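K.L.:
I'd like to go over a predicted model; first the sequence, then the structure.
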There are 2 protein chains.
Amino acid sequence: MSFVAEPVARAIEEFNKLPGIGPKSAQRLTYHLLRSSDEEAKALTEAILALKEKIRLCSVCFNITDRDPCLICQDKERDHSKICVVEKPSDILPLERTERYRGVYHVLHGSISPAQGIGAEKLKVKELLSRCQDGSVAEVIVATNPNVEGETTAMYIRRAIQPLGIRVSRLARGLPFGAELEYADDVTLGQALDQRQQF
Amino acid sequence: MSFVAEPVARAIEEFNKLPGIGPKSAQRLTYHLLRSSDEEAKALTEAILALKEKIRLCSVCFNITDRDPCLICQDKERDHSKICVVEKPSDILPLERTERYRGVYHVLHGSISPAQGIGAEKLKVKELLSRCQDGSVAEVIVATNPNVEGETTAMYIRRAIQPLGIRVSRLARGLPFGAELEYADDVTLGQALDQRQQF
């Protein structure tokens, strides 16, 4: 709408690009920021920029972190003989929220998808295998998404790791097929962790 | 959650402060930005900062603008003898979307609320009256919200402007499009009856 000041139109447009933000929400956010203090707007933009500037991947588990190794890998209270394998960094949050898991993680950064031409070599699978070589790992819990790509990835990891004499388990199928780990509710995910099955 | 890298936690927290953004949305937005390019994140933060830096109030109508007078007040195609009075800058957008109004606006920046100690002197009422002094204004359309504060404000403006020989009107009350009589509230239905139109 041409009567809207250009910076207002641009802010609405930028917010509208974000996932889950429709035109009305984008408009509401923009007018909210116009009303709020310069400090509030600055806190938001600085938080976004810090996200891009300070965040890198942990050299051990490939989780996103602002220090290396990440807080989880540095944590001596955790059981480093258990590695939970996830597809994305954001999959760690719901698992931690269950408070049922005190091992460490490994982030694959994707899943095997022949349809999209993504093989194991494009994921952090090689790095997972090398973590499993020194004899310190007793169990690998595969927590890939319960969909075709996630299952394919789980199978691949099981075949690669079982020969090393390491127990490989996966989350119980309490999760409905087609769901996304990132948005699973805490109870379902907690049960899935408790009932993980050797396979 | 202490295991989350500080910049990630901070971004989630900042997004969570925005209206309509709950903890899950804040988390989704944060991880979306982590995955997106530096350019995308920069475009968003620059749009937010430009909003705070470049936007001021039009010295004529007090709408938000990046130039003074604003695009609406500068528009010679518009009917400057009609002024539509709204509470907030964001109230102009829905009115423009109707494409039924080609006059200009005046933004009060609030409404009279004795309960909150907001009198006419805290709003841009004085400025509205001075726009009405030079004889160029034929009609003032009061488009304040249909609630107690909006009504009080409308009454105040009518009393102040009618003596100047200017027509003062307000938005019609009645049933909204698509409403069902059976579920209409008493006040709305009463107003729809009072203001019934011959057809």
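P.N.:
Sure thing, it's come through.
K.L.:
What segments of chain A are strands?
P.N.:
Listed in chain order, the strands of chain A (DSSP state E) span residues A:56-57, A:64-65, A:79-86, A:103-107, A:139-142, A:167-170, A:197-198.
K.L.:
Using JSON lines, lay out the ones you listed together with distance to residue B:93.
P.N.:
C-betas here are computed from N, CA, C, even on glycine. Supplementary listing: those in JSON lines, determined by distance: least, C-beta to C-beta, whole Å:
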{"stretch": "strand A:56-57", "distance to residue B:93": "41"}
{"stretch": "strand A:64-65", "distance to residue B:93": "38"}
{"stretch": "strand A:79-86", "distance to residue B:93": "42"}
{"stretch": "strand A:103-107", "distance to residue B:93": "43"}
{"stretch": "strand A:139-142", "distance to residue B:93": "50"}
{"stretch": "strand A:167-170", "distance to residue B:93": "51"}
{"stretch": "strand A:197-198", "distance to residue B:93": "55"}
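K.L.:
which regions of chain A sit below the pLDDT cut-off?
P.N.:
In the predicted model of chain A, residues A:1-2, A:173-177, A:179, A:191, A:196-199 satisfy pLDDT under 70.
K.L.:
Specify the residue ranges that define each domain of it.
P.N.:
Domain ranges of chain A: A:6-54, A:78-170, per automatic domain parsing.
K.L.:
Let's have those in a markdown table, adding distance to chain B and mean neighbour count.
P.N.:
Listed next are the domains of chain A as a markdown table, based on distance: least, C-beta to the nearest C-beta, whole Å; neighbours: other C-beta atoms under 10 Å in any protein chain shown:
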| stretch | distance to chain B | mean neighbour count |
| --- | --- | --- |
| domain A:6-54 | 4 | 18 |
| domain A:78-170 | 4 | 18 |
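K.L.:
Determine which of the ones you listed approaches residue B:71 most closely.
P.N.:
Ranking those by their distance to residue B:71 (criterion: C-beta to C-beta) puts domain A:6-54 first, at 9.3 Å.
K.L.:
show me where chain A has helices.
P.N.:
Chain-ordered helices for chain A, with DSSP state H as the definition, fall at A:6-16, A:23-35, A:38-54, A:71-74, A:92-97, A:125-131, A:148-161, A:186-194.
K.L.:
Report the separation between residue A:31 and residue A:60.
P.N.:
44 Å (C-beta to C-beta, to the nearest Å).
K.L.:
nope, residue A:154 is what I was after
P.N.:
Residue A:154 is 21 Å from residue A:60, where distance means C-beta to C-beta.
K.L.:
now residue A:192
P.N.:
From residue A:192 across to residue A:60, the span is 25 Å (C-beta to C-beta).
K.L.:
and the two? which has more neighbours close in?
P.N.:
residue A:192 (22 against 19; other C-beta atoms under 10 Å in any protein chain shown).
K.L.:
my read: that one touches residue A:169, true?
P.N.:
No. With contact defined as C-beta atoms under 8 Å, residue A:192 and residue A:169 do not form a contacting pair (11.1 Å).
K.L.:
Name the nearest residue to residue A:43, ignoring sequence neighbours.
P.N.:
Closest residue in space to residue A:43, ignoring its immediate chain neighbours: residue B:14 at 5.8 Å, by C-beta to C-beta, 6 or more residues apart in numbering or on different chains.
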